[in-house]
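Trainee: heads up, no residue letters with this:
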């Protein structure tokens, strides 16, 4: 096999006045932006839906379950197509919305179902006595959640959320399918234009791994700071 | 665009556009599941063997696969397979190889947890009976590990089935591609995508209900 590295491919001009390296870095920026915005949506909706599923209200529980089943049982790519192709044509005003926003909602809602599962499990892992204690103290149900259950549960779910946060970086790659100019789309297009697929893919794969590693470190730091004293994971 | 109209959806369309894609998605899922569990179990055994020259490569393989997005893995294999075989292999075969090797990493983590969930006394009992390491694993540990992990393995398979839609990246003709092609041909993309979502939902939701029942059944036996 007579393969030769040609790393200078990244210094070549794309034809638009910038190098492939510049393009890749801006694609990385898109990957980070899509993942970060989706993460915010996923955490917000996931926490609310997960909490609703543990309330005594039957309708809240049903709503929460339906949400989780809906977003968990349809492939992410299909969900992205629905947000991108279907929803704007059913509701015209959304046609003005940039596709970036639509993808962020698709990935955010998809991940929110997983976050909701973790939050529900976190709340249910607390001893039942905590809820009764809160109610017996005369707190209302929302107050019991606000002051007793959630402060504990949200700290317990940080470790599982670490893997969801790394998943959201990986899943953002699916956005290539609706022409978001992120890393995977860069990889596909740069490979086609330069025929230096191996160098391009290696660089992109390296950036994904670097990002996942960075997210892992940040989450480990948060995990350490919010760890509940007296539990198995804590040092004190 | 006016109201939704799914009248274009009939038996003719199913046989012309959807059936082939559906069969491919199922084939891909089943082959990758069988191959993935087989290779995954071997990887798990390597990691738990206690020998560094077996454990380290297996760990490196599993961790690499798990830290790269599936779409990138699909693109990598599609690019590299022709290098290895000397000629293009076609998107469908490329997808089958990719998913088998990719899912092996995920199944291996499940099997590793499964093997570790079997009590240590079982290993000792096997040794005391005079069984070799391989015999202990094959006859005593693996059957129990497999049984304990059956619901998790099946849940992973449902995720695998959903992920098969990502062969979109290399243009393989799967269930989603079938819907997309039908939608383009009848100029009804909106309805086609909605129907695709409905079909995936029905399949995955029913499978996960089955897994839930199975889980309850296994829990009672124990």
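Mentor: Yep, that arrived. What you see is a predicted model, and the numbers here were worked out from it, not measured in a lab.
Trainee: Check which helix or strand the closest residue to residue A:197 other than its chain neighbours maps to.
Mentor: What sits nearest to residue A:197 in space, not counting adjacent residues and going by CB to CB, 6 or more residues apart in numbering or on different chains, is residue A:191, at 4.1 Å. The way it works is simple: take the backbone N, C-alpha and C, and place the C-beta from them, glycine included. Using DSSP states H and E, residue A:191 sits within helix A:183-194.
Trainee: Could you give me the buried positions within that helix?
Mentor: Neighbour counts over helix A:183-194 (16 or more other CB atoms under 10 Å in any protein chain shown) mark A:183, A:184, A:185, A:186, A:187, A:188, A:189, A:190, A:191, A:194 as buried.
Trainee: tell me the angle the helix or strand just after it makes with helix A:183-194.
Mentor: As assigned by DSSP H and E, the chain's next helix or strand after helix A:183-194 is helix A:197-226. Interaxial angle of helix A:197-226 relative to helix A:183-194 (axes from the mean of the first three to the mean of the last three CA atoms, to 10 degrees): 170 degrees.
Trainee: and the longest helix for the chain?
Mentor: In the absence of a named chain, this looks at chain A. Counting residues, the longest helix found in chain A (DSSP state H) is helix A:20-52.
Trainee: nope, chain B
Mentor: As assigned by DSSP H, the longest helix anywhere in chain B is helix B:189-221.
Trainee: Just name whatever secondary elements that one is in contact with.
Mentor: In this structure, helix B:189-221 packs against helix A:58-72, helix A:76-81, helix B:142-163, helix B:175-185, with contacts taken as 3 or more CB pairs under 8 Å, 6 or more residues apart in numbering or on different chains; DSSP states H and E.
Trainee: Please see if the shortest one touches chain B.
Mentor: What that stands for is helix A:76-81. Yes: with CB under 8 Å from any CB of the partner chain as the criterion, chain B is reached by helix A:76-81 at A:76, A:77, A:78, A:79, A:81.
Trainee: need these in JSON lines with pLDDT, neighbour count and distance to residue B:134, can you?
Mentor: Listed next are the residues of helix A:76-81 next to chain B as JSON lines, based on pLDDT from 0 to 100; neighbours: other CB atoms under 10 Å in any protein chain shown; distance: CB to CB, whole Å:
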{"residue": "A:76", "pLDDT": "97", "neighbour count": "21", "distance to residue B:134": "41"}
{"residue": "A:77", "pLDDT": "97", "neighbour count": "27", "distance to residue B:134": "42"}
{"residue": "A:78", "pLDDT": "97", "neighbour count": "25", "distance to residue B:134": "44"}
{"residue": "A:79", "pLDDT": "97", "neighbour count": "23", "distance to residue B:134": "45"}
{"residue": "A:81", "pLDDT": "96", "neighbour count": "27", "distance to residue B:134": "48"}
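Trainee: Pick out the residue closest to the middle of chain A.
Mentor: Central residue of chain A (CA atoms, centre = their mean): residue A:168, 3.3 Å from the mean position.
Trainee: do the same with chain B
Mentor: For chain B, residue B:160 is the residue whose C-alpha lies nearest the centre (CA atoms, centre = their mean; 3.7 Å).
Trainee: What residues does that one make contact with?
Mentor: B:29, B:32, B:33, B:36, B:99, B:103 (CB atoms under 8 Å, 6 or more residues apart in numbering or on different chains).
Trainee: ok, the residues you listed vs residue B:153, which is closest?
Mentor: The closest of the contacts of residue B:160 to residue B:153 turns out to be residue B:33 (CB to CB; 8.1 Å).
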